[in-house]
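**Q** From the sequence below, what's the structure:
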Amino acid sequence: MKQPLAYIHPAAKIASGVVIDPFVTIDCNVEIGEGTRIGSNVTILEGARIGKNCNIFPGAVIGAIPQDLKFKGEDTLAIIGDNTTLRECVTVNRGTASKGKTEVGSNCLIMAYSHVAHDCKVGDNVIISNATQLAGEVVVDNYAVIGGGTLVHQFCHLGAHVMIQGGALINKDVPPFVKAAREPISYAGVNSIGLRRRGFSSESIRDIQDIYRYLYLSGLNVTDAISRIEAELPATPERDEIILFVRNSKRGIIKGYA
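**A** Just a heads-up that it's a prediction; the model follows:
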């Protein structure tokens, strides 16, 4: 349903059942899946790809060019998965030549005034609370929960199922399954409540806690802790995910609380 007061470029591909409120602007080279609702004063610019059954609240801007001086006008995308909600004044910039696209997954909730910068990759079932700012090329894995007002440095990686306290300053990678809190940001335990809500068994949660005791409470450096984990703890999907994350971390993982 298109409002007469909305502007839709003739080349935009709008599926059936999309509701478009007044004063919306939709540029060329835009695709929007069926069942999505676009609130008033939303701006959707060239390169946006929005999935099915999304809910885009008033004032959001999707697909604006990157705030990156290296951007030279290359064709890039801003992709929003299915069943995702972007609240008021959320901004999702499109990618640069580095990655070619910015991605927000399916079943996400991005709360008001949050920013997802160029070339970020946000997984599925992620919650990003109000006024959180993701700098360029940040990766956020599935089921992460980020508290309001959090600032995430470029190139950081937030693992799956993490819980980040509000107002955090993130300048290191946050490994999966943990809570991150305090100032400076530090390991604050395993996100056991979140894991239980998502069906992790008590045994799996205990195994994860054992792994992080080696990493954060043993007095070992990260390399020695990983070697001990591999030698002394049984292989599980969660153990292997943590080891792979730590080994692949380019910025280093957050520290334990001193």
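
**Q** and Leu195, that one's in a helix?
**A** Yes: counting by DSSP: H, G, I helix; E, B strand; the rest coil, one finds Leu195 located in a helix.

**Q** Just give the number of residues close to it.
**A** 20 (other Cβ atoms under 10 Å). No exception for glycine: its C-beta is placed from N, CA and C like everyone else's.

**Q** Tell me the spacing between it and Tyr143.
**A** 9 Å (Cβ to Cβ, to the nearest Å).

**Q** Find the residues that touch each one of those two.
**A** His161 (Cβ atoms under 8 Å, 6 or more residues apart in numbering).

**Q** Confirm for me that Gly35 is in contact with Lys52.
**A** Yes: assessed by Cβ atoms under 8 Å, Gly35 is found in contact with Lys52 at 5.2 Å.

**Q** quick one: buried residues of stretch 31-42?
**A** Glu31, Ile32, Gly33, Gly35, Thr36, Arg37, Ile38, Gly39, Asn41, Val42 (16 or more other Cβ atoms under 10 Å).

**Q** residues near the nearest residue to the third one once chain neighbours are set aside, how many?
**A** Leaving out its chain neighbours, the residue that sits closest to Gly33 by Cβ to Cβ, 6 or more residues apart in numbering is Lys52, at 3.7 Å. Neighbouring residues of Lys52 were enumerated by other Cβ under 10 Å; the total is 17.

**Q** remind me which residues of this structure are low pLDDT?
**A** Scanning the chain for pLDDT under 70 picks out 1-2, 258.

**Q** those helices in it, which residues are they?
**A** Assigned by DSSP state H, the helices in the chain fall at 192-197, 202-216, 222-232, 237-248.

**Q** now these in JSON lines, with distance to Gly159?
**A** Converted to JSON lines, those look like this (distance: least, Cβ to Cβ, whole Å):
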{"stretch": "helix 192-197", "distance to Gly159": "12"}
{"stretch": "helix 202-216", "distance to Gly159": "11"}
{"stretch": "helix 222-232", "distance to Gly159": "15"}
{"stretch": "helix 237-248", "distance to Gly159": "5"}
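
**Q** and among those, the most buried is which?
**A** helix 202-216 (a mean of 17; mean count of other Cβ atoms under 10 Å).
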